[in-house]
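> when you get a sec, could you give me coordinates for this:
(chains A and B)
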Number of protein chains: 2
Amino acid sequence: MQQQDEFPVSRRALLKLIGASAGGAAMYEAMVEMGYAATSDFAGPIKLSGAPKGASVLILGAGLAGMIAAYELRKAGYKVQILEYNDRPGGRNWSLYGGDTYKEMGGVTQHVQFDKGLYFNPGPWRIPYHHQGILHYCQMLNVAMESFVMVNNSAYVHSTRAFDGKPKRYREVASDYDGYTAELLAKATSQDKLDGLIDEDEKDGLLQMLRRWGALDKNYEYRKSDAVSTFRGYDVPPGGGLNSISVDSEPLPRKELFNSSLWLARFLPKIWEFQGSLFQPVGGMGMIGKAFGKLLNGVIKYDCKVTSIHQDEKGVTATYIDTKKGGAPKTAHADWCVCTIPATVLSQIPMNVGAPMRNAIDSLSYIPAAKVGLQFKRRFWEEDDAIYGGNSYTDQPIFNISYPSHGFFSKGPAVLLGAYAFQSTSTYSFESLSAQDMIKAALEQGAKIHPQYNKEFQNGVAVAWHRVPWTLGCSGGWTDEGRTKHYDNMCAVDNRIVLAGEHCSRLPAWQEGAVLSSLDAIKRLHQRAVTA
Amino acid sequence: MQQQDEFPVSRRALLKLIGASAGGAAMYEAMVEMGYAATSDFAGPIKLSGAPKGASVLILGAGLAGMIAAYELRKAGYKVQILEYNDRPGGRNWSLYGGDTYKEMGGVTQHVQFDKGLYFNPGPWRIPYHHQGILHYCQMLNVAMESFVMVNNSAYVHSTRAFDGKPKRYREVASDYDGYTAELLAKATSQDKLDGLIDEDEKDGLLQMLRRWGALDKNYEYRKSDAVSTFRGYDVPPGGGLNSISVDSEPLPRKELFNSSLWLARFLPKIWEFQGSLFQPVGGMGMIGKAFGKLLNGVIKYDCKVTSIHQDEKGVTATYIDTKKGGAPKTAHADWCVCTIPATVLSQIPMNVGAPMRNAIDSLSYIPAAKVGLQFKRRFWEEDDAIYGGNSYTDQPIFNISYPSHGFFSKGPAVLLGAYAFQSTSTYSFESLSAQDMIKAALEQGAKIHPQYNKEFQNGVAVAWHRVPWTLGCSGGWTDEGRTKHYDNMCAVDNRIVLAGEHCSRLPAWQEGAVLSSLDAIKRLHQRAVTA
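Predicted coordinates for the structure are as follows:
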C-alpha cells in the first residue's frame, strides 16, 4: 500500500490515469487483484525535498495537522516553528490522567482524580484499520498499538421507549432482527410473493442463505430453538458432565422489536469507520501527540494565543500573547504559514486573506459533542455482566457507554466512557450542563443500564467541546451546501497561507482527516514555494 | 457472575428453583435485570473441602481437565498424582515455538523453524468471553490475555466457484447481502406483498429499519451510492484538502452473489462461540498449560504411557510404561481416579468399568481436523492488504486463514494460520496428506487469496489431529443419537473412576468443555468419596 516513490502516487491519481488509458478496465482488475482495492486515500509516506534556500514556515497549532506539517516541511529543508495555545502538544489528540487539570471557557477547572495509570480520551479514541495515514505516523513514532473493541455482542442496547426501558444484549437484538427479517423474506420467497422482484433461478440460493443466516426452522420460522440460541445466547448455555443440557432463550416479540429504535445496534457496526479491526494507542490516544511533541522538541512554542495573522509580499507575521507570562504581544515571522487553528477560533482572529477563504472560515459551524469519563471501584461490567470492551448504546442523551479495551480482568478501579453525546437532538441540552451536572446526568442515565453505577462510582470528568477554549466545538460540521460553496476555498492556498486540519478534509472529526489535510496542504504550499 | 458461596449456585440450579417457586417469573426478571442473563454455565470458583483423611486421587492426563481436577482436589485435601503421556503439561492446550519438535503417529518428526517469539497453536486458539470457566483459571494463573480479532471486515471471503475465483473483502460481501436482502423485503413490504405475513402497524418500523440497515435509496433500492460505500468500502475513500472527493464502489451482482456460497461470511460471526469479545493468552494458548504445570510442580509425572486401569474395592491402579527410560511397567495407585484420556485412546486400554461406560467410550468417534502454521518474511497481509488480525475463509480444503491478533505493525517475519480444515467433506483428504504435502497444499490454496505467499514463505508446520498419538483425533464427535444413548453413561462415576475432558461435555472441542466437565466430575467424585 505504501509506495516508496519520491512523489507517491495516490489511488486517486492512479484511477485517473486508468480512466484515461485504453486498458483501464484490465489495469483496475490487476490493481484489485494485487490487494490495492481501496482501503485508504493515504498515498504512502510523503517525500518532499528541495525547499528554497533559507525558506521558512510558521505553523499555527500543534495538533496532528500542525505537527505533521512541521515534521515533513523540516525534512524538506524548511525552517519551521509552531505556535501552540496549550501547554502541551496534541490538540484534540488528548488524554486526561489523574493529576491533570482542565480549565474550560468560563473558568471552571476540573481536577482529574483518576487512579494512577487510568485515563480518559475527551477527543478521538479509536483508529480504524483504513486510516493508514495516522497509522503510518504511529508506526514512525513507535507508538504501541492495541486492539480497540468496537462490537461486543454481550454489550447492551437500550431504549427508554421499548421493552419497559430494560436493556437488551446486542446479541439478542441483532439475532432477532436478522431472524425476523430472514423469516419474512424467506416466506415471501417460498410463497411466490416476490414475483417481479427476483428471478426464479435466484430463489434457491436466497432461501438457503436466509435459512442459515436467520437460523430458521424447516418452515422458515424464526422461533425458540437451539439454532436460534446459538445466535442470540441461551437461558442456560451448554455445560459439562451431567445435567448440562442447554436451555434455549425466547426471541423478543417481533412487533415490539420492529417498532423500537434498537435497529441502531445493527446499523452502527456496519459503518466504514466502525468496522474492525480498530486500534487504540497503549496508554491513551494522547500518546501520539506526546510522541510527536518530543520529536519536535524546540520547534513548538507553547502558551501562545495568536491574536492576528498578517501576510504581505515578504511573508507572514503572527502576533501572539504569552498566556502564562503575559507581557506585550510578540510576533513570529516566516515566508509561509500553515494555519491549523479551528475555524471557530480563526473566525475571531484578524487575518488578511481573500474573501473566498474568509467566507469559508466564517461560514463553518462546529458540531457539538460532550464526553464524560467515570471511574468506578471495580470492573463490574466485566465481573457481573461479562462485557469486555465494546460499546453499549441508549436513546438517552449519553448515547454511548464504552468499556475499556485494555486492562481486561484487572482488579481495582477502572475508567469507562460514561457519555458520548454527539450531534443528536439531545446533545445540545446535555452539553449545556455544567461539568458537575453532566457527570450527575451520566450517572443517572447510565444506572438504567448498569444499576451498579450508584454503588461503585468514585469520580469523573466531563468535557463539553463547545466550551473547550481552543476549539469551541468538536469538529467541522459541513453541510452539503457548505461543502459545495466553501470547501475548495477553505483548502486553497491564499498567497502565503494555507489552512489544514480535520475541518479541511472530507473526514471531519477523524484524526485521519487532519493527517490527509495536512499532507495535501503542505504538498501544495511546497509547490508554490519552489515555483515562487 | 462469580458467586463466593461455599457451594456456588449454578444458573441451572437457580432456574430450577425459580421454576419450582411461585414467583418464578418475577425472580427470573430480577435475575435478568441484574445482569445475570445467561452468559456461562460456570457457577463460579468451585470450593470443595473435607476430603476423607488420607484419601487419594490418581489423575490420568495433564490436560486442562486433569490439571483442574488435581488442583481443586488437592485444595480439598486429597493426595493427588497425575500421569501424563507427553513430556509437558497442557495436552491439546499447546503452542509450537521455534526449536520445538513434534513427532506424529508413524514416526514422522517435524522440527519447528519459526523465528524467536513466533508461535502457532495446533489446538485451541481463541476464548470467547462467555467461557467464564477457562477465563477464571487464566486469571488465577495470571496468564496475560489480549484481544483476539475474529471478525475483520477487511479480510477476504473466497469461493473457487464464484466471481472467477477472485477473493472479495468481507465488508463488500456482508454489505451486499444485507443490502439486497433489505431491498427485496422493503419492496415486498411497500408493495403490500407481505399481506398475511405482517401486520399493518409493523410496516413503518420495518421499512425505516431496512432503509438504514441496507443503505437503501428512496425507492428502496440498493445501488452504488455514498451510503452504500459507507458500508462496503469505497473505490477511493474520502480524503483531505483539495481533490479529495470519494469514489463510490459498485455492489456485486445480486444473482451471482446469491448463488455463491459466500453467505458463510455472514453466518460464521453470528455463532455464539465466535461472537466478540474473544481473547488469546499473550505468547500462545499453551501459556495456560505451562502456568498450570508450574503450579502443579511435583504432582505431574511425565512420559507415562498408561497401559491398563484396574479398580477394586480398595482403589484404582494404573499400569504405565516410562516412554523415555523404558524398563518394566510400573504402577500408580490411589483411592479414586479421574481419567481424562481421550476416548479414542482409552478404548484401547483395558479398564474394568461397567458395560455402560465401556460402550460409551467405544462408541465415540473423534472429529478430524488439521492445522498448518506458516512463517512468512513479512506481514504482507498488513502492509499490502490492510488486514490486521481476523480470518479469511475459502471453499478450498484449507477453509480458514487466520492472521495474528498480536504484534500488529511489526516488521520482520510472522506466522499465520494457513489452514484450519475442520469437519468438512474435504477435511479427510486434506488431513490424510503428509505434513510436508499439507504445507505445500496450504501454500498453493492460500496463494489464490494472497499471491504474496509464493515470494514470502519461509517455513511451516502441520498438525493432523488424527495422527497426534495421544488423541488420535481433534475432539469428541457426538451425534444426537450417541448423546441420547451414551452421554450420561460416559459421565457417570463408575465405582471409583470418573471420566473428564471436552468429550464429557456439551461444548466439544472447546477448552471450556474440559473445564466444566472436570468441575462436574470432581464434584460428584468428591460427593461419593465423603459418603463412601
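> where does chain A have its least confident helix or strand?
helix A:24-31 (a mean of 51; mean pLDDT, DSSP states H and E).
> quick one: contacts for the residue of chain A most remote from its centre?
Residue distances from the centre of chain A (Cα atoms, centre = their mean) peak at residue A:242, which lies 48.5 Å from the mean C-alpha position. For residue A:242, the contact set (Cβ atoms under 8 Å, 6 or more residues apart in numbering or on different chains) comprises B:488, B:491-492, B:520, B:524. In this view, the C-beta of every residue, glycine as well, is placed from N, C-alpha and C.
> and residue A:326, what pLDDT?
On pLDDT, residue A:326 comes in at 94.
> any idea which element it lies in?
Under DSSP states H and E, no helix or strand contains residue A:326.
> near it, how many other residues are there?
7 (other Cβ atoms under 10 Å in any protein chain shown).
> the one 3 residues further on now?
Residues contacting residue A:329 under the criterion other Cβ under 10 Å number 12.
> what's the closest non-adjacent residue to it?
With Cβ to Cβ, 6 or more residues apart in numbering or on different chains as the criterion, residue A:329 has its nearest non-adjacent residue at 5.0 Å, and that residue is residue A:319.
> quick one: contacts for the one you found?
Counting by Cβ under 8 Å, 6+ apart, residue A:319 touches A:306-310, A:329-331.
> any idea of the pLDDT on it?
pLDDT at residue A:319 comes out at 98.
> measure it to chain B for me?
Per Cβ to the nearest Cβ, to the nearest Å, residue A:319 is found 27 Å from chain B.
> low-confidence stretches in the stretch 401-532 of chain A?
Filtered on pLDDT under 70, the stretch 401-532 of chain A yields the residue ranges A:423.
> which residues of it lie near chain B?
A:405, A:408-409, A:450-451, A:488, A:491-492, A:500, A:504-507, A:512-521, A:524 (Cβ under 8 Å from any Cβ of the partner chain).
> then the stretch 251-400 of chain A?
A:254-255, A:258-260, A:263, A:266-267, A:270-272, A:275-277, A:279, A:383-390.
> if we can go back for a sec, out of the contacts of residue A:319, the closest to residue B:482 would be?
residue A:306 (76.9 Å; Cβ to Cβ).
> that closest one: how many residues sit nearby?
So residue A:306, with other Cβ under 10 Å, has 23 neighbours.
> three-state assignment of it?
What DSSP: H, G, I helix; E, B strand; the rest coil gives for residue A:306 is strand.
> filter the residues of the stretch 251-400 of chain A next to chain B down to the ones in helices?
Residues of those located in helices (DSSP state H): A:254-255, A:258, A:266-267, A:383.
> min pLDDT across the residues you listed, which one?
residue A:266 (81).
> pretty sure that one is in contact with residue B:214, am I right?
No. Counting by Cβ atoms under 8 Å, residue A:266 stays clear of residue B:214, with 10.1 Å between them.
> ok, those two, which is more surrounded?
Using other Cβ under 10 Å, the more surrounded residue of residue A:266 and residue B:214 is residue B:214, with 29 against 19.
> which residues touch the closest residue to the more buried one other than its chain neighbours?
Excluding the flanking residues, the one nearest residue B:214 by Cβ to Cβ, 6+ apart is residue B:182, at 2.4 Å. Residues in contact with residue B:182 (Cβ under 8 Å, 6+ apart) are A:181, B:210-211, B:213-216, B:220, B:222.
> residue ranges with poor pLDDT in chain A?
In chain A, residues with pLDDT under 70: A:1-38, A:423.
> elements contacting the helix or strand encompassing residue A:526?
Using DSSP H and E, residue A:526 falls within helix A:511-531. Helices and strands touching helix A:511-531, by 3 or more Cβ pairs under 8 Å, 6 or more residues apart in numbering or on different chains; DSSP states H and E, are helix A:64-75, helix A:132-140, strand A:336-339, helix A:488-491, strand A:497-499.
> okay if I get these as a markdown table plus mean neighbour count?
Output for the helices and strands packed on helix A:511-531, formatted as a markdown table (neighbours: other Cβ atoms under 10 Å in any protein chain shown):
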| stretch | mean neighbour count |
| --- | --- |
| helix A:64-75 | 25 |
| helix A:132-140 | 22 |
| strand A:336-339 | 28 |
| helix A:488-491 | 21 |
| strand A:497-499 | 26 |
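> export those to CSV and tack on distance to residue A:353?
What follows is the helices and strands packed on helix A:511-531, written out as CSV (distance: least, Cβ to Cβ, whole Å):
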stretch, distance to residue A:353
helix A:64-75, 18
helix A:132-140, 26
strand A:336-339, 9
helix A:488-491, 10
strand A:497-499, 6
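> now do the strands in the stretch 251-400 of chain A.
All strands of the stretch 251-400 of chain A, identified by DSSP state E, counting those that start in this stretch, fall at A:278-281, A:300-301, A:304-312, A:315-322, A:330-334, A:336-339, A:366-367, A:369-376, A:390-394, A:400-403.
> in the longest one, which residues are buried?
Within strand A:304-312, the residues that count as buried by 16 or more other Cβ atoms under 10 Å in any protein chain shown are A:304-306, A:309-311.
> nearest to residue B:366 among those?
For these, the nearest to residue B:366 is residue A:304 (70.9 Å; Cβ to Cβ).
> quick check: the gap between that closest one and residue A:323.
When Cβ to Cβ, to the nearest Å is the yardstick, residue A:304 and residue A:323 sit 7 Å from each other.
> residues shared between the contacts of these two?
Common contact partners of residue A:304 and residue A:323 (Cβ under 8 Å, 6+ apart): residue A:85.
> hang on, the earlier thing: what's opposite the residue nearest to residue A:329 in the beta bridge?
Here residue A:319 sits in beta bridges with residue A:308, residue A:331, going by DSSP bridges.
> which among the residues of the stretch 251-400 of chain A next to chain B end up buried?
For those, a burial check counting by 16+ other Cβ under 10 Å picks out A:254, A:258-260, A:263, A:266, A:270, A:272, A:275-277, A:279, A:384-390.
> doesn't residue A:497 make contact with residue A:311?
Yes. Residue A:311 is within contact range of residue A:497, at 5.7 Å (criterion: Cβ under 8 Å).
> what touches both of these two?
Joint contacts of residue A:311 and residue A:497 (Cβ under 8 Å, 6+ apart) are A:337, A:353.
> wait, doesn't residue A:409 sit right on residue B:139?
Yes. Contact between residue A:409 and residue B:139 holds when scored by Cβ under 8 Å: they sit 5.2 Å apart.
> so which elements touch the helix or strand hosting residue A:205?
Following DSSP H and E, one finds residue A:205 within helix A:203-214. For helix A:203-214, the helices and strands in contact under the criterion 3+ Cβ pairs under 8 Å, 6+ apart are helix A:170-190, helix B:170-190, helix B:254-258, helix B:264-267.
> distance between stretch A:99-113 and the chain's centre?
23 Å (Cα atoms, centre = their mean, to the nearest Å).
> straight-line length of it, end to end?
6 Å (Cα to Cα, to the nearest Å).
> can you list the buried residues in it?
A:100, A:102, A:104, A:110, A:112.
> what does stretch A:176-195 give?
For stretch A:176-195, a neighbour-count test (16+ other Cβ under 10 Å) marks A:176-189, A:193-194 as buried.
> wait, which of those is closest to residue A:203?
Lowest distance from residue A:203 to these (Cβ to Cβ) belongs to residue A:189, with 5.7 Å.
> which residues does that closest one contact?
With contact taken as Cβ under 8 Å, 6+ apart, residue A:189 is in contact with A:198, A:203, A:206-207, A:210, B:184.
> let's go with 7 Å and repeat that
The contact partners of residue A:189, by Cβ atoms under 7 Å, 6 or more residues apart in numbering or on different chains, come to A:203, A:206-207.
> next: residue A:42.
A:132-133, A:136, A:516.
> please apply the same query to residue A:467.
Going by Cβ under 7 Å, 6+ apart, residue A:467 touches A:104-106.
> any idea how many residues pack against residue A:234?
When neighbours are defined as other Cβ under 10 Å, residue A:234 has 22 of them.
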